[in-house]
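1. can't give you the sequence, but here's the structure:
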DNA sequence: GCAAAAATAGTAGTATTACTATCAACTCTT
DNA sequence: AAGAGTTGATAGTAATACTACTATTTTTGC
């Protein structure tokens, strides 16, 4: 990953955390080992108590950074989407051909993160797996409308919007650019899951990636 | 709904429940008020204790039917997909034109359930909302592979397969029929959710339904 | 250079959840 | 009238999701 990216701080809505985990050593350890532990146990079996034991700290110290594990998940996934957004802007900014631009964007948001790109203390490979397995749990709640109003999902929505614009730029006549952008983002996560757990429900496997499926879809659906 | 359907029993894998809820009055009340309560509270806030209070029974009685609330969710969603499968088979069996057949199938699986069709004690409108809001939580778990092996998701997979075949029947050259079937099933649930909570991420609203979006997608993606 | 204030870490406790176990009561059959 | 099956009532446990409070360390203001 580009050196510039390594020095950037992904900025996350302040109401998601009580105290910025980037502001202290403990905060960074919470994030680092939180990712490792959620990946290992799954979000449902993950608790602050287990995380505290893992980093040799206490539950109450973690509660000073995050109100509860739900907000911790929102924090981690927001970071992930912010990171994806940077990659997307970075990789497409210099492209002039709108088709090339869109295809590059699709590739970035649908591909699997394969190696640890070591954005400071965050393991992006694990974080990608967490997003695939747990992201929908962050918004499939009774509190979604309040949290949406408070901007908890702002980064994801901004990213979706960027893709929507790129779709309209290649085919202004396509009537569902926002829906298609949403389909690409959400359904590519779903396809990574299917590939790993319900292989009969997708053609994607070691040879064929979700990226190829979505690229083919875009190229055949839009008027290019 | 057709009278024939009302008399059919949706058959659900026996290892999902401890005692068939269709076999007793209490069982039916658990299912009936379980649906109402999950719809009201959301699955995360739903407990067997609350349900027991609601139906003036006890936690321990409910535990005699279902091991835990996760299996209860699997039961309810399996029932839903079984019900959709019946509707799909019923409505498409007599159609000879494969395009018409596929479009009918798409309409059935993507449309919102709008009125209570009173399949005995089950409120299908609420159950549809539950599937939209909670279905993915039933498989996004660490136990998914074991539960899949035990056939917990068999009905959904069978339904997805039926759509896959219909896609291949209208365009044998399309390379991703299984993936496209999965996209239609999962992403239409997602679009109903977006419509209700993230309206900026979709063109779907009161005027434009997810069904229209997916119909347009199919008609423009496949070689018809 | 040091005391007061602010930030942070650690301990202990509570309410709720997600069960399990046991026993009593009632019904339905043979 | 015995026995099986179903439901109800009560109690108990371990884990979860916190909150309140105390102890320690760090910062800063003079």
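-> On my side now, so go ahead. Model, not experiment: these values are computed from the prediction.

2. Give me the below-cutoff pLDDT ranges for chain A.
-> A:1-8, A:116-120 (pLDDT under 70).

3. any bit of the longest helix along it sitting next to DNA strand D?
-> Selection of the longest helix in chain A by residue count, based on DSSP state H, yields helix A:69-92. Yes. Helix A:69-92 reaches DNA strand D (C-beta under 7 Å from any atom of the strand) through A:69-70. (C-beta placed from N, C-alpha, C; glycine too.)

4. buried sites along that helix?
-> Buried residues in helix A:69-92, defined by neighbour count with 16 or more other C-beta atoms under 10 Å in any protein chain shown: A:69-88, A:92.

5. what's the answer for stretch A:205-216, then?
-> Those would be A:208-216, for stretch A:205-216 by 16+ other C-beta under 10 Å.

6. Which residue would be the closest one in chain A to DNA strand D?
-> For chain A, the residue closest to DNA strand D is residue A:68, as judged by C-beta to the nearest atom of the strand, at 3.0 Å.

7. and that residue, what does it touch?
-> If you count contacts by C-beta atoms under 8 Å, 6 or more residues apart in numbering or on different chains, residue A:68 has none.

8. So it versus residue A:74, what's the distance?
-> Note on residue A:68: its distance to residue A:74, by C-beta to C-beta, to the nearest Å, is 10 Å.

9. How about residues contacting stretch A:74-90?
-> So stretch A:74-90 is contacted by A:1-2, A:4-5, A:8, A:10-13, A:16-17, A:21, A:31, A:34-35, A:38, A:66, A:105, A:108-109, A:119, A:122, A:124, A:127-128, A:130-131, A:134-135, A:138, A:147, A:152-153, A:155-156, A:158-159, A:162 (C-beta under 8 Å, 6+ apart).

10. Filter those down to the ones in helices?
-> Those of the contacts of stretch A:74-90 lying in helices (DSSP H): A:4-5, A:31, A:34-35, A:38, A:105, A:108-109, A:124, A:127-128, A:130-131, A:134-135, A:138, A:147, A:155-156, A:158-159, A:162.

11. Filter these down to the buried ones.
-> A:31, A:34-35, A:38, A:105, A:108-109, A:124, A:127-128, A:130-131, A:134-135, A:138, A:147, A:155-156, A:159, A:162.

12. can I assume residue A:104 is in contact with residue A:94?
-> No. Between residue A:104 and residue A:94 there is no contact under C-beta atoms under 8 Å: 10.2 Å.

13. and chain A, which residues reach DNA strand D?
-> Residues of chain A lying near DNA strand D (C-beta under 7 Å from any atom of the strand): A:45, A:47-50, A:59-60, A:63, A:67-70.

14. And the furthest pair within those residues?
-> Greatest spatial distance in those: A:45 and A:60, 21.0 Å, computed using C-beta to C-beta.
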